[in-house]
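Undergrad: Sequence first, predicted model second:
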Amino acid sequence: GAPEERTAPPPHHLLDSRGVAPNMSRSVAMAVMLLRVTHTTGFAFTGFARAAAAAPPNRVGGGVGGRSSGGARSAGTTRMMSTREELAAVANAQRKVPDATAGCAIAQKWIDTVNDEYESLHKEFEAQFWGTKMSLSTPSYDPASGGVHPSYSTESLTDTKGRMEAFLASEERLKQCREYLRDDIEAPSLSTSQKTTLKLFERTFGCYIMESDAAKLHRAAATKIEGGLESARNTMQLGAIDPLSGEFSEMSSVALRSTMRVHDDEAMREACYNGLRKIGDFVLDNGFVELAKTRNAMARELGYADYYDYKVTQAEGFGKDTLFKILDKLEADSRPLLVKAREQLALDKGDSALEPYNTGYMMAGDVAKKMDPFFPFEKAIEQWGRSFAALGISYRGATMDLDLLDRKNKYSNGFCHWPQPAWVKSDGSFVPSVTHFTSLADPSAVGSGLTGLTTLMHEAGHAAHFANIAMPSPLFSQERAPTSVPYAELQSMFLDSLVGDAAWRRKYALSREGEPLPWEIIEEDLKATHPYKVFGLRAMIAVPYFEKALYEMSDDQMSVESIAKLADQIEVDIQGGLSSRPLLSVPHLLSDEASCYYHGYVLAEMAVHQTRAFFMDRDGAIVDNPKVGPTLTSCMWEPGNSVSFLKLVNDLTDKPLEGDDWVNQLKQELDHVITSEKEAYETAGAALDAGTAAGTAGDTSGDDDGDGDGEIDLDMRIRIVDGDDIIADTTEDGGFLKTCNKFEQYIVDRYRK
């Protein structure tokens, strides 16, 4: 620069023990310290003086990580630097023309450290999460995340979670992050990627930092209560008393719900319902009341209205009041449909159909049995793979452990977690995800195939989403705050919605003999369910309305009796009567990650209908549309949590999120729905027939020899496990289809003989 712009080096006596002058900017001070390390150790970082003299004013590092492309010296050529040379570097660095390359290198080194440390802590916690939730017992079990863990315990889960959250709650890291961003405003030096990453760090650390010591104590207490409650819940003896024999039959919550939907004996259905009700009694007697009080105490110490307000603000960036303005409109718009549907059900099936243990059976009991042969559970993995491949979905080199079968002491809800988040390192290399994915299937139960397949499509949708995040930190691809709940759920719910489409069922709902599901059964299913689909909406919104009311209670109001009464009251107010799925049996209420989360499903379902409308308007089809995967990948998946949920939905569909598409779908007359679905069914069938006649792969349900010829390529390694046991592995078995065949034979041998 011109002479008047130059800054003279500070006198040597004004430098402190680190060689830093009191008036130096933070970036310059760090440059000096790194240069002293170079002088002392002989290790080279970046040639700051040369880069400062040569770099143009706005030069920043290139590539994903903003790495410097010039000025670096090799260790073999680095020469010792004198204090005079250090001071000359300081003089150059303090010019009004900033040393952009040095700024990028210093910031990137810190970003890399944060990424590596978080990744390690995240993997340790997720290993314990999987081991405890799956009730693993064999020390030699090697999960997909890698590494043998000598033990899985609630104590280790609590410890690893605490250490991970302590890392995220570091005030020093938040302060350092903000200093980099502030310095960049004063003297721009960061790359776009680095600024995006640092802003995400700032949001993430801000979600976990608790400035109140009292809040930290409440948080620790809540974690301890939660661990004990979940451990007790996992070992709870659950089941129903057979009304004929009087004997207790042990069943999981999934088996109880499934039996209640399809069993012909009303007394047995009622017994299963009573079994589900006992979950609420159990959790209330084993710490849930104290857990709710402690969560509230923590949130209020932090300045929030209550725990619900705290959770939704952290995840979504807007508060409880804003959320319930959205939900209140949906509730009001759908209430008349609920009243009409309950009146119609009572008229068609009798008043007893409104009993919580009869509603599901009266709506679909006979149809569920008729559809069951066309959804064989052992074919679920293959049909999921074929469907996703036809949509153009890739898992980008991921590894997945699938634990699909129900068993004693297994966690009572399906989930999908990522012990290895997908991300892009600063050298540009992509780190593929590792997924732990579980469901609670009982292949011997009527309806298990459809339920299992829907769950598979849902959780595999989560896995596809998180496998395709391509951002410069694992914190962009972890499922906790500040990742939006509805953002995560939209992807999975959109993909599992395909299972209900007549076009999808024509191709993928096949019997063991390869026969497609007949249109007549689909029509019967539509007649049995469409007029009552509003029941699903109301059951969904009941959970957030219950949790809202729960956490708005004062400590004096909270008790076993009052919370049980509140749950029943919300069911009646929102669903019109007691629910077939008692609110206190919903597992999301118990865990910190899933509590005050269910509104995400509601917002996501609104977005599902809006997204479906977008694809239908743009492409005219969703099922087997190869544009779906690439569109979701680029518009929804790759950005991770760097973009807000509401903006992503608006950018994709070109309109703000609203519930109109969902409510309008529920309002459609049954005759219109039947006509449009029949047309889609026949069109899909004609396409399959044309493909078969032409000798093409129009119907890819073949490959009877199971030679794994590569026709299904999801770009993912899949291991199918059952607790400690590995059933099948695409790497070991020679491909996706061979793995599917091996799993199919396992199910046949275990359940069908």
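TA: Arrived safely.
Undergrad: Every contact and neighbour count from this point should use C-alpha atoms.
TA: Noted.
Undergrad: Could you find the closest non-adjacent residue to Arg512?
TA: With C-alpha to C-alpha, 6 or more residues apart in numbering as the criterion, Arg512 has its nearest non-adjacent residue at 6.8 Å, and that residue is Pro376.
Undergrad: roughly how far apart are that neighbour and Val254?
TA: 18 Å (C-alpha to C-alpha, to the nearest Å).
Undergrad: more crowded one of these two?
TA: Under the criterion of other C-alpha atoms under 10 Å, the comparison of Pro376 against Val254 puts Pro376 first, with 23 against 19.
Undergrad: so who does that one touch?
TA: Contacts for Pro376 were tallied using C-alpha atoms under 8 Å, 6 or more residues apart in numbering; they are Gly449, Leu450, Leu510, Ser511, Arg512.
Undergrad: biggest separation within those, which pair?
TA: Greatest spacing in these, by C-alpha to C-alpha: Leu450 and Arg512 (13.8 Å).
Undergrad: if you count what's nearby, which of the two comes out ahead?
TA: Leu450 (22 against 13).
Undergrad: hang on, the earlier thing: mark which of the contacts of Pro376 are part of strands, please.
TA: Judged by DSSP state E, strands contain none of the contacts of Pro376.
Undergrad: Do you have the helices of the stretch 551-700 of the chain handy? List them.
TA: Using DSSP state H, counting those that start in this stretch, the helices of the stretch 551-700 of the chain run over 560-575, 599-619, 628-632, 645-653, 660-667, 670-693.
Undergrad: Give me the residues contacting the last one.
TA: Translated: helix 670-693. Counting by C-alpha under 8 Å, 6+ apart, residues outside helix 670-693 touching it are 501-507, 519, 523, 526-527, 530-531, 697-699.
Undergrad: Report the buried members of those.
TA: Buried members of the contacts of helix 670-693, counted by 16 or more other C-alpha atoms under 10 Å: 501-507, 519, 523, 526-527, 530-531, 699.
Undergrad: Which two among those are spaced furthest apart?
TA: Maximum distance among the buried ones among the contacts of helix 670-693 (C-alpha to C-alpha): 32.8 Å, for Pro531 and Asp699.
Undergrad: got any ranges where the stretch 551-700 of the chain has weak pLDDT?
TA: Scanning the stretch 551-700 of the chain for pLDDT under 70 picks out 692-700.
Undergrad: Give me the next element, helix or strand, following the helix or strand containing Tyr310.
TA: Assigned by DSSP states H and E, Tyr310 belongs to helix 307-316. Per DSSP H and E, helix 307-316 leads on to helix 320-349 as the next helix or strand towards the C-terminus.
Undergrad: next helix or strand past that following helix?
TA: Helix 320-349 is succeeded, C-terminally, by helix 359-371 (DSSP H and E).
Undergrad: ok so, going back, what is the nearest of the contacts of Pro376 to Ile747?
TA: Ranked by distance to Ile747 (C-alpha to C-alpha), these are led by Gly449 at 11.7 Å.
Undergrad: Now do that closest one against Ala380, distance only.
TA: Applying C-alpha to C-alpha, the value for Gly449 to Ala380 is 7 Å.
Undergrad: which neighbours do these two share?
TA: With C-alpha under 8 Å, 6+ apart, Gly449 and Ala380 have no common neighbours.
Undergrad: Assign a three-state SS to the closest residue to Ile726 other than its chain neighbours, would you?
TA: Ranked by C-alpha to C-alpha, 6+ apart and with sequence neighbours excluded, the top spatial neighbour of Ile726 is Ile720, at 6.1 Å. Assigned with DSSP: H, G, I helix; E, B strand; the rest coil, Ile720 falls in the strand class.
Undergrad: oh, and call the first residue 27 from now on, that's how I've got it
TA: With 27 as the first residue, the last one maps to Ile746.
Undergrad: Can you report how many residues neighbour Ile746?
TA: Ile746, neighbours per other C-alpha under 10 Å, totals 22.
Undergrad: residues in contact with it?
TA: So Ile746 contacts Asp427, Leu428, Asp429, Leu430, Ile752, Ile753, Ala754, Asp755, Phe769 (C-alpha under 8 Å, 6+ apart).
Undergrad: the bottom helix or strand of this protein by mean pLDDT?
TA: Within the chain, no helix or strand scores below helix 74-80, which has a mean of 31 by mean pLDDT, DSSP states H and E.
Undergrad: can you map out the strands along this structure?
TA: 265-267, 274-276, 424-431, 441-446, 449-450, 456-457, 460-467, 742-748, 751-755.
Undergrad: Show me the one of those strands that comes nearest His614.
TA: That would be strand 441-446 among these, by C-alpha to C-alpha, at 10.7 Å.
Undergrad: re the thing from before, give me the distance between the residue nearest to Arg538 and Leu543.
TA: As judged by C-alpha to C-alpha, Pro402 and Leu543 stand 12 Å apart.
Undergrad: Need the residues touching each of those two.
TA: What both Pro402 and Leu543 touch, as defined by C-alpha under 8 Å, 6+ apart, is the set Leu536, Ser537.
Undergrad: which residues touch Ser585?
TA: Val315.
Undergrad: Pull up the gap between it and Asp138, please.
TA: 48 Å.
Undergrad: so where is the stretch 277-426 of the chain shaky, pLDDT-wise?
TA: Those would be 390-391, if you go by pLDDT under 70 across the stretch 277-426 of the chain.
Undergrad: again, only this time at 50
TA: Within the stretch 277-426 of the chain, no stretch has pLDDT under 50.
Undergrad: Go ahead and confirm Ile548 touches Ala528.
TA: Yes - the criterion here is C-alpha atoms under 8 Å, and Ile548 meets it with Ala528 at 7.2 Å.
Undergrad: Pop out the phi and psi values for Gly761.
TA: According to degrees, to the nearest 10, the main-chain angles of Gly761 amount to phi 130, psi 170.
Undergrad: Let's see the pLDDT reported for it.
TA: The model reports Gly761 with a pLDDT of 94.
Undergrad: now do Gly157
TA: 90.
Undergrad: do you know how far it is from Glu143?
TA: Gly157 sits 22 Å away from Glu143, going by C-alpha to C-alpha.
Undergrad: Who has more neighbours out of those two?
TA: Per other C-alpha under 10 Å, whichever of Gly157 and Glu143 has more neighbours is Gly157, with 23 against 12.
Undergrad: Identify the residue nearest the more buried one in space, chain neighbours excluded?
TA: Tyr178 (5.4 Å).
Undergrad: That neighbour - how many residues pack around it?
TA: Every residue meeting other C-alpha under 10 Å relative to Tyr178 is counted, giving 21.
Undergrad: I figured it hits Lys159, correct?
TA: No - contact criterion C-alpha under 8 Å: Tyr178 and Lys159 do not qualify, at 9.4 Å.
Undergrad: dump the residue contacts of Asn322.
TA: Going by C-alpha under 8 Å, 6+ apart, Asn322 touches Asp332, Tyr333, Tyr577.
Undergrad: mind listing what the first one touches?
TA: Read that as Asp332. Asn322, Ala323, Ala325, Arg326, Tyr577, Glu578.
Undergrad: mind checking how far it is from Tyr234?
TA: If you measure Asp332 against Tyr234 using C-alpha to C-alpha, the figure is 16 Å.
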